[in-house]
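**Student:** Give me a model of this one.
(2 chains)
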2 protein chains.
Amino acid sequence: MKNTVGRDIPQEYAEKYGVFEGQYAKKTSYQRASGKVTPVHPGESKLVGSIREAIEKCGLKDGMTISFHHHFREGDYVLNMVMDEIAKMGIKNLYLAPSSIANVHEPLIEHIKNGVVTGITSSGLRDKVGLAISQGIMKNPVIIRSHGGRARAIETGALHIDVAFLGVPSADEYGNANGSHGNAICGSLGYAKVDAEYADKVVLITDNLVPYPNTPISIPQNLVDYVVKVDAIGDPNGIAKGATRFTSNPKELLIAEIGSKVIVNSPYFKNGFSFQSGSGGSTLAVARFLAEEMRERGIKAGFILGGITSNMVEMLEEGLAEKIIDTQSFDRGAAESLARNENHYEISASFYANPGNKGAAVNNLDVVVLSALEVDTDFNVNVLTGSDGAIRGASGGHCDTAAGAKLSMILTPLVRGRIPTIVEKVNTVITPGEGIDVVVTEIGIAINPRRQDLIDALKDSGIPQFTIEELKEKAYKIAGTPDPIEYEDQVVALVEYRDGSIIDVVRKIKE
Amino acid sequence: MKNTVGRDIPQEYAEKYGVFEGQYAKKTSYQRASGKVTPVHPGESKLVGSIREAIEKCGLKDGMTISFHHHFREGDYVLNMVMDEIAKMGIKNLYLAPSSIANVHEPLIEHIKNGVVTGITSSGLRDKVGLAISQGIMKNPVIIRSHGGRARAIETGALHIDVAFLGVPSADEYGNANGSHGNAICGSLGYAKVDAEYADKVVLITDNLVPYPNTPISIPQNLVDYVVKVDAIGDPNGIAKGATRFTSNPKELLIAEIGSKVIVNSPYFKNGFSFQSGSGGSTLAVARFLAEEMRERGIKAGFILGGITSNMVEMLEEGLAEKIIDTQSFDRGAAESLARNENHYEISASFYANPGNKGAAVNNLDVVVLSALEVDTDFNVNVLTGSDGAIRGASGGHCDTAAGAKLSMILTPLVRGRIPTIVEKVNTVITPGEGIDVVVTEIGIAINPRRQDLIDALKDSGIPQFTIEELKEKAYKIAGTPDPIEYEDQVVALVEYRDGSIIDVVRKIKE
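**Tutor:** Numbers count the residues shown, from 1 in each chain, chains lettered A, B, ... in the order given. Below is the predicted model of the structure:
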């Protein structure tokens, strides 16, 4: 069954989940899901001696769904520690629902092969785990969900978590936790907050037990069943790197500079505007160019949303932005700012991007600056599968912010290595073209024809404008027409749009 | 059917709610309740032009349940404004579920008489509304719930709120609200937080619209349907009075001093201990005597819980306490401290005192200092009905903190006017005697015989110890044996214990 971005969704999944019909096609009232509660009376301790004891006390059984958060990124020890213990206990057939999966979670491959894990939902899959999934090691397809889509799935009950294992940089024995104080800080616990609210059982795992009551409180005691103290929840340098560095790549800088010009010449660049930008390459650098323009023109942002890096903190501290609202702190500078600056405020992933709640922050976003692995001539974007067809990326907040923001920009070079990034049809659609307004490359921009207002606004900006087809032709001229990736039949991943419908599927790569 | 405090609960209510069987007799797992959600998409505004428009958009209908919070105390305009509009619209048969009802809500009497309101649950009823209810103007009995009991009722689904009308001192147009910034600040929005989480529709009413995103965020946008701007949400001086003054009444001071001595001589008075005390008379003054002892002995509290007043803020600022966790800020000093001091932290009523959640703050309380209208020889306490038998008080956090704290003290004079406060049988049981450890009067104390450890600990303290019967005899000697209050048959209020069972009923007073 073809959806509105032209992807053929196998009948089985089309019937089960529905197919994508447009960014805001769905608006259904529902009753929020909820977790089970076993009351804790005075004198009862939540502190347990080991991860194993916590697993036992939670009554974890074959077939249940467990979750983790990915705030510790490549520094995470928690997921592997817990999965290792679960495997030792002989529990099988688990559904794994972390907010995302990192390279460091490679041991999952064995857990999948051994039948400990038989289903996965995640924002993305990196490196070896992504490749293994793309090679078809798991029978059930992974469900790829955006950050907002995951929160929606949890809050609507589409994803019910039996036990959430949440690593936290600081906690007291009664379960009050935050991510901004401790040995290995991650800043915002935005993803974890949703799990804590909706899971039946919530286990906190920390290496930093502090006196009661631990404040600030990102996860409150009344949502927590057990607390486990371990030696280390992760590698501090993997959890939060020092300040994220700007790119020195001239092409990326050029793209960022053009990106900044697009914003400055758009109708949204005025006092009180809001923006979000990515954490790498051009998308990070665009904020630097933008900051210069803001200084020059005396323009101050109302808020920065994200996905927060040190450079945004600098903008806040310089007075270029009133507030930061933060669902994930990308580096140590961001995490430390969250701890110290009352105008740097932690929000949950639902608050950030859930399309099903009573209004997410992305709905109020003026500008978002995003990256892409590929963009096609319908402006559809792929941030999930690589040029070999294997899963190596993550959905993240890409389609959430693109849908919410008034100006959604993709920053990408025309080609990467010998591979065009502007193509006829993207390999995998994560974000539908209707949500993308401008594609920025090193030679100029293409504006989505739906946005005649932007075409007009930018026509005297001095930025070269092309059609998206023209950009594609230029890319193909440089790198040649790409050969289509060959897949087998097995569906290894379903890509859910943020509203829960299926926007694309990923199939097993041909060996 | 008699419950374990010897109260005869009419069969009808005993069957419907169960009868009280002991402080921790109930421990049942359950699935949390939840509210309905209608998603809000980008471009949709939550700001509506009037309270009437908000009521209409919420689809409020005959028979529904609506809620309010009582953080504005005697300064509240919101409940009356909304009820007035509802009455004008001809909506009838509403169930009213505010966290409490104040004197200022006297217009409710007309709404009850006119059939607009036909059921009520509240922490308490004051003055004229209490008297009217006690005179039997409403057919259905009011359900009196403690602060923790209300949160439990909401979270278990026993109390489902269709529409919550929440006055907030500051909000942005998308529904982010707090109580610590604005024209008329109330500090913590602890009660309102629970309503926002569980109601189907949430309407914020504010006189202070601020730019998006309003921070700090006590009520987040993702829980809010509509925002209404009005001229004034209340009288700032009624909402938060200046610093609460200490009593100058010599008898109250004497009781407070003895109360402080009890704490100091208890095993709980050591570094890191925690306490809560009331906001009036002796219970407020006890904190002053305690502070002196803490200074002298170099003892620092881990946290103060409450119900917070300026004098506790002073203790925090002086370094006599590490933290304050605050579900209700009683005066302006407390509200301002919440806004400025990161160690003064806002918590919800569920976090504070809900016996059904995964562990409330009261469970970790060492000492609570409470007042009473009457205490009986079983140590049962009445804080609801006056000497005329009419409802004039509130359950508040009385039974919640008494159940949670390791040392629960009642401070009360032997007699008030010509009425004994230590009696054979209290008129109405709010807090069962099993939760009360020490009764402190101006002539000495009575320790609950269940607490032989305290009797031993205090025997060399120099504080005169009596049995509770001896205190009662002394009170009766001064004021005479009180005549029993005469009631008619009609039950005008059910007193729920915090676990939802019925601990007592209040009947119509004899005209």
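**Student:** list the contacts for A:Arg450?
**Tutor:** A:Glu434, A:Asp437 (Cβ atoms under 8 Å, 6 or more residues apart in numbering or on different chains). Using the backbone N, CA and C atoms, a C-beta is placed for each residue, glycine as well.
**Student:** rerun that using 10 Å as the cut-off
**Tutor:** Neighbour list for A:Arg450: A:Phe379, A:Gly433, A:Glu434, A:Gly435, A:Ile436, A:Asp437 [criterion: Cβ atoms under 10 Å, 6 or more residues apart in numbering or on different chains].
**Student:** How about whatever residue of the stretch 151-300 of chain A ends up closest to chain B: what's its closest non-neighbour residue?
**Tutor:** Nearest residue of the stretch 151-300 of chain A to chain B, counting by Cβ to the nearest Cβ: A:Asn222, 4.1 Å away. Of all residues not flanking A:Asn222 in the chain, B:Asn357 sits nearest, at 4.1 Å (Cβ to Cβ, 6 or more residues apart in numbering or on different chains).
**Student:** Look at A:Ile410 and tell me its secondary structure.
**Tutor:** strand (DSSP: H, G, I helix; E, B strand; the rest coil).
**Student:** Hmm, it is touching A:Ala372, no?
**Tutor:** Yes - A:Ile410 is within contact range of A:Ala372, at 4.8 Å (criterion: Cβ atoms under 10 Å).
**Student:** So for these two, which residues contact both of them?
**Tutor:** Common neighbours of A:Ile410 and A:Ala372 (Cβ under 10 Å, 6+ apart) are A:Thr283, A:Val381, A:Val383, A:His398, A:Thr421, A:Ile422, A:Thr431, A:Ile436, A:Val439.
**Student:** Among these, name the buried ones.
**Tutor:** Those of those that meet the buried threshold are A:Thr283, A:Val381, A:Val383, A:His398, A:Thr421, A:Ile422, A:Thr431, A:Ile436, A:Val439, by 16 or more other Cβ atoms under 10 Å in any protein chain shown.
**Student:** Name the residues of the strand or helix carrying the first one that come out as buried.
**Tutor:** If you go by DSSP states H and E, A:Thr283 is part of helix A:281-297. Taking 16+ other Cβ under 10 Å as the neighbour-count basis, helix A:281-297 is seen to contain the buried residues A:Gly281, A:Ser282, A:Thr283, A:Leu284, A:Ala285, A:Val286, A:Ala287, A:Arg288, A:Phe289, A:Leu290, A:Ala291, A:Met294.
**Student:** Mind putting those into a markdown table with pLDDT and distance to chain B?
**Tutor:** Shown next, in a markdown table, are the buried residues of helix A:281-297 (pLDDT from 0 to 100; distance: Cβ to the nearest Cβ, whole Å):
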| residue | pLDDT | distance to chain B |
| --- | --- | --- |
| A:Gly281 | 84 | 27 |
| A:Ser282 | 91 | 25 |
| A:Thr283 | 90 | 21 |
| A:Leu284 | 89 | 23 |
| A:Ala285 | 92 | 26 |
| A:Val286 | 95 | 22 |
| A:Ala287 | 92 | 19 |
| A:Arg288 | 91 | 24 |
| A:Phe289 | 95 | 25 |
| A:Leu290 | 96 | 20 |
| A:Ala291 | 96 | 20 |
| A:Met294 | 98 | 17 |
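**Student:** Compile these into TSV and extend it with columns for distance to B:Val264.
**Tutor:** As requested, the buried residues of helix A:281-297 are arranged in TSV below (distance: Cβ to Cβ, whole Å):
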residue	distance to B:Val264
A:Gly281	63
A:Ser282	65
A:Thr283	61
A:Leu284	58
A:Ala285	62
A:Val286	62
A:Ala287	57
A:Arg288	60
A:Phe289	64
A:Leu290	60
A:Ala291	58
A:Met294	59
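**Student:** quick revisit: contact partners for the residue of the stretch 151-300 of chain A closest to chain B?
**Tutor:** Contact partners of A:Asn222, counting by Cβ under 10 Å, 6+ apart, are A:37, A:40, A:174-176, A:196, B:151, B:155, B:347-348, B:350-352, B:354, B:356-361.
**Student:** Compare neighbour counts for A:Ile410 and A:Ala372 and give me the winner.
**Tutor:** Shown here are A:Ile410 and A:Ala372; by other Cβ atoms under 10 Å in any protein chain shown, A:Ile410 has more neighbours (30 against 24).
**Student:** low pLDDT regions in chain A?
**Tutor:** For chain A, applying pLDDT under 70 flags no range at all.
**Student:** domain parsing for it?
**Tutor:** For chain A, automatic domain parsing gives the domain ranges A:45-74+A:167-242, A:250-486.
**Student:** if we compare those, which one ends up closest to B:Phe20?
**Tutor:** Closest approach to B:Phe20 among the domains of chain A (Cβ to Cβ): domain A:45-74+A:167-242, 23.4 Å.
**Student:** Okay, now the closest one: how far is its last residue from its first?
**Tutor:** 37 Å (Cα to Cα, to the nearest Å).
**Student:** Repeat that for stretch A:470-487.
**Tutor:** Using Cα to Cα, the two ends of stretch A:470-487 sit 28 Å apart.
**Student:** Doesn't the residue of the stretch 151-300 of chain A closest to chain B lie inside a helix?
**Tutor:** Yes - the assignment for A:Asn222 (three-state DSSP) places it in a helix.
**Student:** Distance check, it against B:Gln328.
**Tutor:** For A:Asn222, the distance to B:Gln328 equals 17 Å [Cβ to Cβ, to the nearest Å].
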